[in-house]
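**Student:** Here is a sequence together with a model predicted from it:
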Amino acid sequence: MPWNGSGTFTRNQDFTDDRDSGAPEHFIDADKMDDEFDNFKAGLEAAWTRNGENKPTADLNMNSKKFTNVANAALRTQFAAMGQVQDGAPFNLTSVAGTNTITATAAYSMTAYAAGQTFRFIAADTNDDAVTLNINSIDAKAIQKNGAALVAGDITTGDAVEVYYDGTQFQMLSPARTPVLTDKSIGIGKISSGAATSGQVAVADGSGGVSFADTDPSGYNLPLYVPVEWLFSSKPSNTVWLNGQTIGKSSSGADIEDDDLEGLFDLIVAEGAVYGNTGSEDFASGDTVKLPDDCGRVVAGKDNMGGISSKNRLTGQSGGINGDNLGATGGAETHALTSAQNGPHYHGSAVIMFNYEDLSWHDYNGTISRGSGASIGQGSSGARIEPNTSTSGSGTAHNNVQPTIIRNKIIRYK
């Protein structure tokens, strides 16, 4: 072989022997010449020609060197220049057209989709239904967002759209104008012009779609499922009074019927037998549950809040309330003190003394009347009278209310 495997070209013949042999006119042996030229030929054919006439037969080691002055690739089988990659040429689609059935052209004569491909394009129109994308007339594939079909307004004219082919359809990587929201999720997206009024947000419908509504349907920025003191006589929409009434779905027979009450309903059921319920009620079956009854009551924190040992600030005290039980009620508006609750005390009494030297007992013809509890005694030197005092107090129940201001309590359910 003319090349030794390490980049050195090895000649087969050395013609100095023919020169020094004394042969007539120093002829070079023809066989040697043919062998040498055959070796040159093999070596040249093993080299990589700069006009591309021959091809490498093994991987090329560039020895940490770079190709320079590289032209932009035009086919998928050509490597790209860095500037071409940086400019996004391998990913950008051109000749984009269509509203819901979008067509576009990809560079490099792509003839098939492959999982993992990513493409970008500038939308030519605003979609009003589900969308498909057909690149290079290969096939029309659905564009989805989080596994759901696009809805009207997800793509608007001039949007920069990026999609990823997952082997079945294109998944939209750029934010949709109407993001898909699930229960209690937060979506990020731009509200297109005319789709909503200022300040509204996208609200999940539970089926992958969204609608636009005020930030808080009640209009007062109230937190969801959080009891709130309310200063006014009428409550906002999508709220209920915490007055012990029952709630349920439409036609359930509850005091308050609304199909949107299911979230609040389920939270109350999850607490079991609290608030006078059983904990087994089912919203879809038409059951009803009671709301907490805050009417005329002051709320106190649980004695064992968060599972700690009871602080016994209410538990075990008078008033008939167990501070360890969520939803427990007790206390009274008025209270009449019992004897046991009355503090230790005494009543003073008047004492009348008679001395025999001033008045002989048997000479006193008056009448001494002894009332209930009075004491009359006679000693060796005289007599005394200890009358009882008059009865006072009625035992009537007294006001047991701390200084108080009355407000309403509501909770938002939607």
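**Tutor:** Sure, I can see it.
**Student:** correct me, but residue 99 touches residue 128?
**Tutor:** Yes. Between residue 99 and residue 128 there is a contact under C-beta atoms under 8 Å: 6.7 Å. Just so you know, the C-beta spots here come from the backbone N, C-alpha and C atoms, and that holds for glycine as well.
**Student:** Can you check which residues contact both of those two?
**Tutor:** Residues touching both residue 99 and residue 128 (C-beta atoms under 8 Å, 6 or more residues apart in numbering): none.
**Student:** Okay, domains of this structure per the record?
**Tutor:** Domains of the chain are assigned by automatic domain parsing as 1-65, 94-172, 352-386.
**Student:** so which of those comes closest to residue 278?
**Tutor:** The closest of these to residue 278 is domain 94-172. By C-beta to C-beta, the value is 37.8 Å.
**Student:** Could I get the buried residue list for the longest helix along the chain?
**Tutor:** When the chain is parsed with DSSP state H, its longest helix is helix 30-46. For helix 30-46, the neighbour count (16 or more other C-beta atoms under 10 Å) marks 36, 39 as buried.
**Student:** Just the residues contacting that helix, thanks.
**Tutor:** Taking C-beta under 8 Å, 6+ apart as the rule, helix 30-46 contacts 1, 2, 3, 9, 11, 12, 13, 15, 18, 54.
**Student:** Next, give me the two most distant ones among these.
**Tutor:** 18 and 54 (32.8 Å).
**Student:** neighbour-wise, which of those two wins?
**Tutor:** Per other C-beta atoms under 10 Å, whichever of residue 18 and residue 54 has more neighbours is residue 18, with 16 against 12.
**Student:** In CSV: the contacts of helix 30-46, plus distance to residue 135.
**Tutor:** Putting those into CSV (distance: C-beta to C-beta, whole Å) gives the following:
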residue, distance to residue 135
1, 48
2, 48
3, 45
9, 49
11, 56
12, 56
13, 60
15, 64
18, 68
54, 35
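**Student:** Tell me which of those fall in helices.
**Tutor:** residue 18.
**Student:** Tell me the one of the contacts of helix 30-46 nearest residue 112?
**Tutor:** Residue 112 lies nearest to residue 54 out of these, by C-beta to C-beta, at 29.8 Å.
**Student:** roughly how far apart are that closest one and residue 44?
**Tutor:** According to C-beta to C-beta, to the nearest Å, residue 54 and residue 44 sit 9 Å apart.
**Student:** The nearest residue to residue 99 once chain neighbours are set aside sits in which helix or strand?
**Tutor:** The shortest distance from residue 99 to any non-neighbouring residue, by C-beta to C-beta, 6 or more residues apart in numbering, is to residue 125 (4.3 Å). Using DSSP states H and E, residue 125 sits in no helix or strand.
**Student:** what's near enough to touch residue 125?
**Tutor:** 98, 99, 157.
**Student:** unless I'm mixing things up, the first one is touching residue 124, no?
**Tutor:** Yes. With contact defined as C-beta under 8 Å, residue 98 counts as touching residue 124 (6.6 Å).
**Student:** burial measure for residue 118, as a count.
**Tutor:** For residue 118, the neighbour count with other C-beta under 10 Å is 13.
**Student:** OK, contacts around it?
**Tutor:** 91, 162, 163, 164, 165, 173.
**Student:** just residue 93 next, same as before
**Tutor:** Residue 93 touches 104, 105, 106, 119, 120, 121, 135, counting by C-beta under 8 Å, 6+ apart.
**Student:** Provide a list of residues in contact with the nearest residue to residue 80 once chain neighbours are set aside.
**Tutor:** Leaving aside its sequence neighbours, residue 80 sits nearest to residue 73 (C-beta to C-beta, 6+ apart; 4.3 Å). Residue 73 makes contacts with 79, 80, 81, 84, 90, 108, as judged by C-beta under 8 Å, 6+ apart.
**Student:** Work out for me the element residue 73 sits within.
**Tutor:** Applying DSSP H and E, one finds residue 73 in no helix or strand.
**Student:** For the contacts of residue 73, could you give me CSV that also reports neighbour count and secondary structure?
**Tutor:** Shown next, in CSV, are the contacts of residue 73 (neighbours: other C-beta atoms under 10 Å; DSSP: H, G, I helix; E, B strand; the rest coil):
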residue, neighbour count, secondary structure
79, 9, coil
80, 19, coil
81, 16, coil
84, 17, helix
90, 17, coil
108, 15, coil
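**Student:** in the stretch 151-300 of the chain, which spans are strands?
**Tutor:** Ranges of strands in the stretch 151-300 of the chain, per DSSP state E, counting those that start in this stretch, are 160-165, 170-172, 201-204, 210-213, 227-230, 239-241, 246-248, 256-257, 289-290.
**Student:** Any chance of TSV for those, columns distance to residue 339?
**Tutor:** Formatted as TSV, those follow (distance: least, C-beta to C-beta, whole Å):
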stretch	distance to residue 339
strand 160-165	83
strand 170-172	80
strand 201-204	63
strand 210-213	63
strand 227-230	40
strand 239-241	42
strand 246-248	43
strand 256-257	47
strand 289-290	39
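**Student:** Can you lay out the ones you listed as JSON lines showing distance to residue 149, mean pLDDT and mean neighbour count?
**Tutor:** Formatted as JSON lines, the strands of the stretch 151-300 of the chain follow (distance: least, C-beta to C-beta, whole Å; pLDDT from 0 to 100; neighbours: other C-beta atoms under 10 Å):
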{"stretch": "strand 160-165", "distance to residue 149": "14", "mean pLDDT": "95", "mean neighbour count": "18"}
{"stretch": "strand 170-172", "distance to residue 149": "10", "mean pLDDT": "95", "mean neighbour count": "21"}
{"stretch": "strand 201-204", "distance to residue 149": "15", "mean pLDDT": "63", "mean neighbour count": "18"}
{"stretch": "strand 210-213", "distance to residue 149": "13", "mean pLDDT": "64", "mean neighbour count": "15"}
{"stretch": "strand 227-230", "distance to residue 149": "39", "mean pLDDT": "92", "mean neighbour count": "16"}
{"stretch": "strand 239-241", "distance to residue 149": "35", "mean pLDDT": "95", "mean neighbour count": "18"}
{"stretch": "strand 246-248", "distance to residue 149": "34", "mean pLDDT": "96", "mean neighbour count": "21"}
{"stretch": "strand 256-257", "distance to residue 149": "34", "mean pLDDT": "96", "mean neighbour count": "16"}
{"stretch": "strand 289-290", "distance to residue 149": "37", "mean pLDDT": "95", "mean neighbour count": "22"}
